[in-house]
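Novice: Output the structure for:
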Amino acid sequence: MDTPRERLLDAILGHAVFDGWSEAAFRATAEDCGIDPALARAHAPRGAVDLAADYHRRGDRQMVAALADAALSNLRFRDRIAHAVRLRLDGADRELVRRGAALFALPQHAATGAQLIWGTADAIWTALGDTSRDINWYSKRATLSAVYSATVLYWLGDESEGHQATWDFLDRRIEGVMRFEKTKAQLRDNPVLSKLLAGPLDIIGHVRAPEGQAGLPGQMKEDPTT
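Specialist: Next up, the predicted model:
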């Protein structure tokens, strides 16, 4: 459905490349769409910030759709994650992402930026069939959020052919996570450490993933363009 906010998002992309996700870009976008600035603000209360967040979420949806069509059954799980991240970045405009990274690095927008990154990690894990509902639900998304953030920053400055340096960087980050998970499993299976950590482990064992509670990590805000 072609909503006013969706039209604003489509129209601001050409402005944001040159002016960033700025007030100037938002005003020019409203003019392009023939929408009064006050009415445009009603559809996007934070102006370009809301549209930048919509652009990020649109990328997540496109990635999930591409993953649904991908042949992943023969891939190792770590390779499925790498493939998902590649799909996410391949579908993005690097200059728009660069401008967005600058926007969400500002203190007043940092929380929104962190939520968007968490949402991407959640979208990837959910699309790949993650069924964890305990502390692993959080740790998987936190770890992937860190990997994704680092990979995006590397990608923004990568001039290698086909962004091969970025994909090599991503593989190294995932390899590091796999080594950490292996070490964690070894420590958990150590009888001495298990006894020493019995109390904290018991507390952690009661942690559960959120069930439709707005505002918790990984809960995507309703997108008004859908």
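Novice: in the protein, which spans are strands?
Specialist: Read by DSSP state E, the chain holds no strands at all.
Novice: So for this protein, the centremost residue is which one?
Specialist: The residue lying closest to the centre of the chain (CA atoms, centre = their mean) is Thr120, at 2.5 Å.
Novice: which ones are touching that one?
Specialist: Contact analysis of Thr120 by CB atoms under 8 Å, 6 or more residues apart in numbering lists His56, Gly59, Asp60, Met63, Arg88, Ser145, Tyr148. (C-beta placed from N, C-alpha, C; glycine too.)
Novice: please redo it, this time with the cut-off set to 10 Å
Specialist: 56-57, 59-60, 63, 84-85, 88, 141, 144-145, 148-149, 152, 220 (CB atoms under 10 Å, 6 or more residues apart in numbering).
Novice: so where is the chain shaky, pLDDT-wise?
Specialist: Counting by pLDDT under 70, the ranges of the chain that qualify are 1, 184-189, 192-208, 212-226.
Novice: Please tell me I have it right and Ala66 contacts Val85.
Specialist: No: the pair Ala66 and Val85 fails to qualify as a contact (CB atoms under 10 Å) at a distance of 11.8 Å.
Novice: When the two are compared, which one has more neighbours?
Specialist: Val85 (25 against 17; other CB atoms under 10 Å).
Novice: circling back to that earlier point, and the contacts of Thr120, which of them are buried?
Specialist: 56-57, 59-60, 63, 84-85, 88, 141, 144-145, 148-149, 152, 220 (16 or more other CB atoms under 10 Å).
Novice: between these, which is closest to Thr183?
Specialist: The shortest approach to Thr183 among the buried ones among the contacts of Thr120 belongs to Leu144, at 17.9 Å (CB to CB).
Novice: mind listing the helices for the protein?
Specialist: 4-19, 23-33, 37-43, 48-69, 77-90, 94-104, 110-127, 135-156, 164-189, 191-196, 198-204 (DSSP state H).
Novice: Any idea which of those helices gets closest to Pro210?
Specialist: helix 135-156 (8.4 Å).
Novice: For that closest one, which residues meet the burial criterion?
Specialist: 135, 137-138, 140-141, 143-145, 147-149, 151-152, 154-155.
Novice: Ok, stretch 169-189 next?
Specialist: The neighbour-count check on stretch 169-189 (16+ other CB under 10 Å) flags Phe169, Leu170, Arg173, Ile174, Val177 as buried.
Novice: could those residues go into TSV alongside distance to Arg98?
Specialist: Converted to TSV, the buried residues of stretch 169-189 look like this (distance: CB to CB, whole Å):
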residue	distance to Arg98
Phe169	17
Leu170	18
Arg173	20
Ile174	24
Val177	25
